[in-house]
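Novice: build the 3D model from these lines:
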Amino acid sequence: MADRVIFVCTLILAGVYFYATEQLPSLEIGDPLGPKAFPRLLGIALVLTAFVLLLEILRARKTAPAAVTSEPSKRGAYWAVGAAAIWTLFYFMVFEPLGYVVSTSIYLLVLTAYFNRGKWTTNVLTSVLYSLLSYLMFTKLLGVTLPSGILPF
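Specialist: Take a look at the predicted model:
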């Protein structure tokens, strides 16, 4: 049931996001795509993600009977969601002082260490490479200013 609620909420969010994107002003000069291009791509990605979730829901309905959720696993799931929310809040607080690359690397490393236990090489490489490559993409290709923090670049 929760997956269906997430699917519907994702579609509603995508609709609101597309509406907000259309409210952005269009400029007559400058880039022909304007400021709406990137938000539209994100909105399309959100809708595609919702439909992938729908396919997963339909596939799970055909292949497996409904699983009975035990109370201890529910408590564990609530704990994981709560811990991830608190960790994300901490990430927001250290984002400016530490900078994008350092804060994002640490944030992702802790999350991957929890969800992908025992695979330290993969977790470290994923966290650091994602942070570095996304930093370079945003700063060099898209011209977005991200906080450098304690690093000299």
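Novice: quick one: the helices in this protein?
Specialist: Remark: helices assigned in the chain by DSSP state H are 2-22, 37-63, 71-98, 100-115, 120-136.
Novice: how about those helices in a markdown table, adding distance to Pro152 and mean pLDDT?
Specialist: In short, each C-beta sits where N, CA and C put it, glycine included. Shown next, in a markdown table, are the helices of the chain (distance: least, CB to CB, whole Å; pLDDT from 0 to 100):
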| stretch | distance to Pro152 | mean pLDDT |
| --- | --- | --- |
| helix 2-22 | 36 | 87 |
| helix 37-63 | 28 | 87 |
| helix 71-98 | 13 | 85 |
| helix 100-115 | 11 | 94 |
| helix 120-136 | 13 | 94 |
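Novice: dump those to a markdown table, plus mean neighbour count.
Specialist: A markdown table is the format used below for those (neighbours: other CB atoms under 10 Å):
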| stretch | mean neighbour count |
| --- | --- |
| helix 2-22 | 13 |
| helix 37-63 | 13 |
| helix 71-98 | 12 |
| helix 100-115 | 18 |
| helix 120-136 | 15 |
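Novice: tell me how the protein divides into domains.
Specialist: Per the record, the chain has its domains at 1-67, 71-153, by automatic domain parsing.
Novice: ok, back up a step: tell me which of the helices of the chain lies nearest to Leu142.
Specialist: helix 37-63 (8.0 Å; CB to CB).
Novice: could you say what helices and strands that closest one packs with?
Specialist: helix 2-22 (3 or more CB pairs under 8 Å, 6 or more residues apart in numbering; DSSP states H and E).
Novice: helices or strands next to the helix it packs on in the packing?
Specialist: Against helix 2-22 (3+ CB pairs under 8 Å, 6+ apart) you get helix 37-63.
Novice: now do the helix it packs on against helix 2-22, angle only.
Specialist: Relative orientation of helix 37-63 versus helix 2-22 (axes from the mean of the first three to the mean of the last three CA atoms, to 10 degrees): 160 degrees.
Novice: distance from helix 37-63 to the middle of the chain?
Specialist: With CA atoms, centre = their mean, to the nearest Å as the basis, helix 37-63 stands 14 Å off its chain's centre.
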